[in-house]
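Trainee: just a sequence and a predicted model for now, questions to come.
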Amino acid sequence: MQSAPKWVCFTFCAQVFTTLSRQFQCGVAIRRRNPREAAISGASYKDAGVDIDAGNALVEAIKNDAKSTTRAGVASGLGGFGAMFDLKAAGFKDPILVAGTDGVGTKLKIAISTGEHSTVGIDLVAMCVNDLVVQGAEPLFFLDYYATGKLNVQAGKAIVSGIAEGCRQSGCALIGGETAEMPGMYAGGDYDLAGFCVGAVERDQILTGDKVNEGDVILGLASNGLHSNGFSLVRKVVSDSVIGGPADTRLQAAVRDHIVDKARLAYNAEAPFASGQTLGEALLAPTRIYVKSCLAAIRAGGVHALSHITGGGVLENIPRVLPNTLAAEIDATRWETPEVFRWLQSEGNIAAEEMARTFNCGVGMAVVVDASQAQVLKVVFESEGETVYEIGRIVSRPDGNDGVILNNAEQAWG
C-alpha cells in the first residue's frame, strides 16, 4: 500500500480552520507515543523534517491575532474542519458573492533575506481585498496558505500577525488557513504565501463600469510606495546580493543568475530614497488597503468605476474597468511620485512606458467618478485618510486605440 505524501498528514495536524471563538483544533486524532514505543518503531515524522509540535505551537501563538479580526457574520460553535459565515447576520439582503486570490510575489525574498516578516501579511490581505472592492464588494472573510521548508514559529507568528492587521484594516475576518511544512519543496527558511478572500455586494450595487461616461473625472489615491508588484524588476536593480544578511550565501546562490548588481547596497544600509529608513524597511513598506475609503465613497454616490493598480500598472489596469469605446487620458505630472520610483527609474535606466506598465508609480487605486461629484468625493476620500489627486478624464476611444493615453510621463519620472 502506498503511503500518503508527507504534507497530507502535516496539513491535517496543522490546519487552522477556526470559528468565532477561535477554537483551533490540531492533531486531535494523533496519539502521543511514549519514548520506549518511539524508539522501537524507528524513524519519526520529525526525522523527515516535519515538526508537528512546531505546528501546534504556531497555532497556539496566533489564536489572539485571529480572534481580533472577528466581525458580524462569523458563525460560532462550529468544528475545526471548516468555517462558516452567515450573510444574513452580516446585514445582506440580496447579495452577490465576490471571491479573489493572490500572493505577495518575490517581495517575500526581501522579507526572508532581512528576517523582517511583520508586513508581508498585510500585503497578502491587501492584494486580495483591494481587488474585491473594485466590484463594490465588502470583504467578509479571509483564509491564508503558508508553506515553508522548515517551520519557524517566530516568523510564522509575525506573518499571521500581519495578516490579522490587514484583516482589521479591511474589516474582514481571518476565519481559516493552512500551514504546510514541506521539506524538500522549499529550501530552509524559504516560504510562500497565498491569500483567499470572499466578499459580498448587493445585487443592485455592483460596479461593472457600465456607468462610465465621457467626461468623467479620474481620481488617483496615493500609494504607500511599491506595494507588492514589480519586485522581480526591483531586485534586478537593487541586487539580492545582501551583504551580511541572514540568508546571504544561500540567496546569492539561488538568484545570482537573475540579478543585475547595479546598486550594490545592503538591505541594512540607508535607503538612498528614504532618509532614516534602511533599504529593506523602505522596500517592505506594506501595500495600502483602500477598502474602507472606497466603500465610503461608493455609499456617497457618484463612483462609476474603481481600478486597483497592481501588476501591469496604470496602462494595463485602468482599461479593465472601462467600456471599449472609452479611454483614460492621464497626466503623470498631476500627482506626487514617491522617490522610490524616481530612484528605480534612474538606477535601472527604465523607460517611462516600462515604469507605467510595471509599477503603480504613486497611484494605488484609480477612481472614475461623475464630474459633478468629483470635489465631494475628493473630500470623502480625504476624510478617510487618503491623499487624492485629480489625474485625468475619460475620453472617447476610436477603434484600435489604447485604453490609456498617458501624458508627460518622461517629465514626471525622468
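Mentor: Everything's here; your move.
Trainee: OK, contacts around residue 62?
Mentor: Residue 62 sits next to 16, 156-157, 160-161, 164 when contact means C-beta atoms under 8 Å, 6 or more residues apart in numbering. The way it works is simple: take the backbone N, C-alpha and C, and place the C-beta from them, glycine included.
Trainee: let's see it at 7 Å
Mentor: Contact analysis of residue 62 by C-beta atoms under 7 Å, 6 or more residues apart in numbering lists 157, 160.
Trainee: same question, the one 10 residues further on
Mentor: Listed by C-beta under 7 Å, 6+ apart, the contact partners of residue 72 are 89-91.
Trainee: quick one: buried ones out of these?
Mentor: residue 90 (16 or more other C-beta atoms under 10 Å).
Trainee: from the contacts of residue 72, pick the one nearest residue 107.
Mentor: The nearest member of the contacts of residue 72 to residue 107, counting by C-beta to C-beta, is residue 90 at 31.7 Å.
Trainee: what ranges in the stretch 51-200 of the chain fall below the confidence cut-off?
Mentor: For the stretch 51-200 of the chain, the stretches with pLDDT under 70 are 76-80.
Trainee: which residue ranges of it form strands?
Mentor: 95-103, 138-148, 173-181, 191-202 (DSSP state E, counting those that start in this stretch).
Trainee: in a markdown table, list those strands along with mean neighbour count and distance to residue 389.
Mentor: Output for the strands of the stretch 51-200 of the chain, formatted as a markdown table (neighbours: other C-beta atoms under 10 Å; distance: least, C-beta to C-beta, whole Å):
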| stretch | mean neighbour count | distance to residue 389 |
| --- | --- | --- |
| strand 95-103 | 17 | 25 |
| strand 138-148 | 24 | 25 |
| strand 173-181 | 25 | 33 |
| strand 191-202 | 22 | 27 |
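Trainee: if we can go back for a sec, quick check, nearest of the contacts of residue 72 to residue 267?
Mentor: Distances from residue 267 to the contacts of residue 72, taken by C-beta to C-beta, are shortest for residue 90, at 41.8 Å.
Trainee: which residues touch the nearest residue to the closest one once chain neighbours are set aside?
Mentor: Counting by C-beta to C-beta, 6 or more residues apart in numbering, residue 90 lies nearest to residue 73, which is 3.3 Å off, once chain neighbours are set aside. By C-beta under 7 Å, 6+ apart, the contact list for residue 73 reads 85-87, 89-90, 140.
Trainee: and residue 73, how far from residue 282?
Mentor: As judged by C-beta to C-beta, to the nearest Å, residue 73 and residue 282 stand 37 Å apart.
Trainee: next one: residue 405
Mentor: 32 Å.
Trainee: my guess is residue 291 contacts residue 128, does it?
Mentor: No - the pair residue 291 / residue 128 is not scored as a contact, 10.2 Å apart, by C-beta atoms under 7 Å.
Trainee: for the two, indicate the residue with more neighbours.
Mentor: residue 128 (27 against 23; other C-beta atoms under 10 Å).
Trainee: excluding chain neighbours, what is closest to the more buried one?
Mentor: residue 197 (3.9 Å).
Trainee: equivalent analysis for residue 339, please.
Mentor: Nearest non-adjacent residue to residue 339, counting by C-beta to C-beta, 6+ apart: residue 273, 3.9 Å away.
Trainee: next one: phi and psi at that neighbour?
Mentor: phi -120, psi 0 (degrees, to the nearest 10).
Trainee: that one contacts residue 343, correct?
Mentor: Yes - counting by C-beta under 7 Å, residue 273 touches residue 343, with 4.1 Å between them.
Trainee: re the thing from before, could you redo the strands of the stretch 51-200 of the chain as CSV and give each row distance to residue 225?
Mentor: CSV is the format used below for the strands of the stretch 51-200 of the chain (distance: least, C-beta to C-beta, whole Å):
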stretch, distance to residue 225
strand 95-103, 18
strand 138-148, 22
strand 173-181, 25
strand 191-202, 19
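Trainee: of those strands, which is nearest residue 68?
Mentor: strand 173-181 (8.6 Å).
Trainee: tell me how far stretch 82-99 is from the chain's mean position?
Mentor: 22 Å (C-alpha atoms, centre = their mean, to the nearest Å).
Trainee: and for that stretch, what's in contact with it?
Mentor: Under C-beta under 7 Å, 6+ apart, the answer for stretch 82-99 is 17-19, 72-75, 78, 132, 135, 137, 140-141, 175-176, 198-203, 206.
Trainee: give me that answer again for 8 Å
Mentor: Outside stretch 82-99, the residues touching it (C-beta under 8 Å, 6+ apart) are 17-19, 71-75, 78, 132, 135, 137, 140-141, 143, 173, 175-176, 196-204, 206.
Trainee: cool, stretch 208-218 as well?
Mentor: 135, 304-305, 318, 321-323, 326, 328, 330, 366-371, 374, 390-396.
Trainee: just the CA atoms of it, as PDB, please.
Mentor: Output of stretch 208-218 as PDB, limited to C-alpha atoms (Å, rounded to 0.1, in the frame of the first residue of the first chain):
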ATOM      1  CA  THR A 208     -19.300  46.900 -13.600                       C
ATOM      2  CA  GLY A 209     -18.000  50.000 -15.400                       C
ATOM      3  CA  ASP A 210     -21.200  50.300 -17.500                       C
ATOM      4  CA  LYS A 211     -21.900  53.800 -15.900                       C
ATOM      5  CA  VAL A 212     -18.600  55.300 -17.000                       C
ATOM      6  CA  ASN A 213     -19.100  58.200 -19.400                       C
ATOM      7  CA  GLU A 214     -17.000  60.500 -21.500                       C
ATOM      8  CA  GLY A 215     -16.100  63.500 -19.300                       C
ATOM      9  CA  ASP A 216     -15.900  61.600 -16.100                       C
ATOM     10  CA  VAL A 217     -13.100  62.600 -13.800                       C
ATOM     11  CA  ILE A 218     -10.300  60.100 -12.700                       C
END
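Trainee: now do the buried residues in it.
Mentor: 209, 212, 216-218.
Trainee: still on that earlier bit, and the contacts of residue 73, which is closest to residue 226?
Mentor: residue 140 (28.0 Å).
Trainee: sweet, I'm off.
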